[in-house]
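# Here's a sequence, model it:
(chains A and B)
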Number of protein chains: 2
Amino acid sequence: MCAAQETSDEDTPWGEVTPEAARRLLVAAVDAFAERGYHATTTRDIAGRAGMSPAALYIHYKTKEELLHRISKIGHERALCVLDTEADRDGTAAERLAGAVRSFVRWHAERHTTARVVQYELDALGEEHRTEIVALRRRSDAVVRRIIGEGVRDGEFDVPDVPGTALAVLSLCIDVARWFNARGSRTPDEVGELYAGLVLRMVGARQVQK
Amino acid sequence: MCAAQETSDEDTPWGEVTPEAARRLLVAAVDAFAERGYHATTTRDIAGRAGMSPAALYIHYKTKEELLHRISKIGHERALCVLDTEADRDGTAAERLAGAVRSFVRWHAERHTTARVVQYELDALGEEHRTEIVALRRRSDAVVRRIIGEGVRDGEFDVPDVPGTALAVLSLCIDVARWFNARGSRTPDEVGELYAGLVLRMVGARQVQK
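Numbers count the residues shown, from 1 in each chain, chains lettered A, B, ... in the order given. Here you go, the predicted structure:
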């Protein structure tokens, strides 16, 4: 299901959001939030970008916060799905950690506009919604901690501080959304490959990849 | 001069900004930008937070963008100063790189509100000002690349991709500003220590610190 979600996304951004008007509004909201920030964006701006009236927006989303919540929830679920898919593969801990980093980096590079909104506008969520998103983030942390923990248990990795190292690994990948530039000199795949190698060094993987 | 700047900052935030009214406006602008974003903040909001009239603000800053530029310039100069100070110490490349990471992390943890504004509102700067800030960022990159390059030259480090590794090291440190929470379980010093160890692993330092 995860994989299908990602595939559909290649053709139509946010393809899982229906009906089409709701999807278009969501795409417009991501662009507006990324460009001007959540607080400087009005529902009128979003409707206008989607070529719709404010009244048409309210059929699908009661508030601007509901749009942000929808974006944040789908964004976090997809990121978690990317990590889960790699964590559950067959292979050594090093192979799975490298795979998770490659995919997570690629996701943040290719979808950096969405990722920035999702990462930087957390405080604008209502309390209940923020609690829900924080729980999703904890699950992502747990996936990375689990792979690293398994590597330590099997003698593949040497990691004095597993939670701290997992935090650093995720932080390194997430920050790709801040600096990545599609016109820059490195492709998402190249950054993923570089980072997979650096992360294997961070965990003291026995066969360090160059 | 760098060190003095940092010391004065402990007592009075943005102590180098004079007169006092200009300093208070700058502190108010950082808080407002961090809370609501640059585009959602008006000069009236900033003046109000500083307990001043909009007319009083215009004596010191002609536009909102001038405030952002001032914040961004001082912020970037301080961050560069932190790196330069560590890079120019006596010691092995490993000692200097670890010192730079410790100080840079501590800076981003302790001043995470300023650092977020400085990092996330770059696009709001006018073209000329952005060019100036990008030049300061390139100098920070160059400092880290230089230390890593010296370590490779002296046989201390094993780094296949020096520019990519320098980028990752800076990114890891900068992202501390996003996730750091003063009420969290790790102090700025503890994060700095953890990250110094991880970075020495990333560069394949011969004597890896635990």
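
# State which helix of chain A is the longest.
Determined from DSSP state H, the single longest helix within chain A is helix A:127-153.

# Show me where chain A dips below the pLDDT cut-off.
Counting by pLDDT under 70, chain A shows low-confidence ranges at A:1-11, A:207-210.

# could you pull out the helices for it?
Chain-ordered helices for chain A, with DSSP H as the definition, fall at A:2-11, A:20-36, A:43-49, A:54-60, A:64-87, A:93-110, A:112-120, A:127-153, A:162-174, A:176-179, A:188-202.

# Can I get those helices in TSV including mean neighbour count?
(Each C-beta comes from the backbone N, C-alpha and C, glycine too.) Formatted as TSV, the helices of chain A follow (neighbours: other C-beta atoms under 10 Å in any protein chain shown):
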stretch	mean neighbour count
helix A:2-11	12
helix A:20-36	20
helix A:43-49	18
helix A:54-60	14
helix A:64-87	20
helix A:93-110	23
helix A:112-120	22
helix A:127-153	16
helix A:162-174	22
helix A:176-179	21
helix A:188-202	22
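
# For those helices, give me CSV that also has distance to B:Ile74.
Shown next, in CSV, are the helices of chain A (distance: least, C-beta to C-beta, whole Å):
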stretch, distance to B:Ile74
helix A:2-11, 41
helix A:20-36, 25
helix A:43-49, 32
helix A:54-60, 41
helix A:64-87, 31
helix A:93-110, 29
helix A:112-120, 22
helix A:127-153, 32
helix A:162-174, 25
helix A:176-179, 20
helix A:188-202, 30
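
# residues in contact with stretch A:135-150?
For stretch A:135-150, the external contacting residues (C-beta atoms under 8 Å, 6 or more residues apart in numbering or on different chains) are A:73, A:76-77, A:79-80, A:83-84, A:87, A:93, A:96-97, A:100, A:157, A:159, A:162-163, A:165-167, A:169-170, A:203.

# Could you pick out the residues of chain A near chain B for me?
The interface of chain A toward chain B, taken as C-beta under 8 Å from any C-beta of the partner chain, is made up of A:36-40, A:116, A:119-120, A:160-161, A:164-165, A:167-168, A:171-172, A:174-176, A:178-179, A:186, A:191, A:194-195, A:197-198, A:201-202, A:204, A:208, A:210.

# The same query, at a cut-off of 6 Å, please.
Proximity of chain A to chain B, by C-beta under 6 Å from any C-beta of the partner chain, involves residues A:36-37, A:39-40, A:120, A:160, A:164, A:168, A:171-172, A:175, A:194, A:198, A:201-202, A:210.

# For B:Val152, state which of these is nearest.
A:Lys210 (13.1 Å; C-beta to C-beta).

# What residue in chain A is the furthest from its centre?
Farthest-out residue of chain A from its mean C-alpha position, per C-alpha atoms, centre = their mean: A:Ala55, at 31.0 Å.

# any residues touching stretch A:111-126, and which ones?
Outside of stretch A:111-126, the residues that reach it under the criterion C-beta atoms under 6 Å, 6 or more residues apart in numbering or on different chains are A:Val30, A:Phe33, A:Ala34, A:Tyr38, A:Glu65, A:Leu68, A:Ser72, A:Gly75, A:His108, A:Ala177, A:Phe180, B:Tyr120.

# Looking at the residues you listed, which two lie furthest apart in space?
Comparing all pairs in the contacts of stretch A:111-126 by C-beta to C-beta, the longest separation belongs to A:Glu65 and A:Phe180, at 27.4 Å.

# what residue lies at the spatial centre of chain A?
Among the residues of chain A, the one closest to the centroid is A:Ala79, at 3.9 Å (C-alpha atoms, centre = their mean).

# neighbours of the residue of chain A found nearest chain B, just the number please.
Proximity to chain B, evaluated over chain A using C-beta to the nearest C-beta, is greatest for A:Gly37 at 3.0 Å. Using other C-beta atoms under 10 Å in any protein chain shown, A:Gly37 has 23 neighbouring residues.

# Would you agree it is in contact with B:Arg36?
No - here A:Gly37 does not reach B:Arg36: they are 7.5 Å apart, not a contact under C-beta atoms under 6 Å.

# that older thread, check the spacing between the residue nearest to the centre of chain A and B:Thr63 real quick.
Per C-beta to C-beta, to the nearest Å, A:Ala79 is found 38 Å from B:Thr63.

# and if you look at A:Thr18?
As judged by C-beta to C-beta, A:Thr18 and B:Thr63 stand 44 Å apart.

# and what of A:Arg78?
39 Å.

# can you give me the end-to-end distance of stretch A:45-56?
Across stretch A:45-56, the straight-line distance between its terminal residues is 13 Å, by C-alpha to C-alpha, to the nearest Å.

# For A:Gly99, which residues are in contact?
A:Glu86.

# try 10 Å
Neighbouring residues of A:Gly99 by C-beta atoms under 10 Å, 6 or more residues apart in numbering or on different chains: A:Val82, A:Leu83, A:Thr85, A:Glu86, A:Ala87, A:Arg89, A:Gly91, A:Ile147, A:Gly192, A:Ala196.

# A:Ala29 against A:Ala50, yeah?
Yes - in this structure A:Ala29 lies within contact range of A:Ala50 using C-beta atoms under 10 Å: 8.4 Å.

# what's A:Val203 sitting at in phi/psi?
With angles defined as degrees, to the nearest 10, A:Val203 sits at phi -90, psi 10.

# Tell me, how many residues neighbour it?
A:Val203: 25 surrounding residues under other C-beta under 10 Å.

# Which residue is the nearest non-sequential neighbour of it?
In this structure, A:Val203 finds its nearest non-sequential neighbour in A:Phe157, 4.2 Å apart by C-beta to C-beta, 6 or more residues apart in numbering or on different chains.
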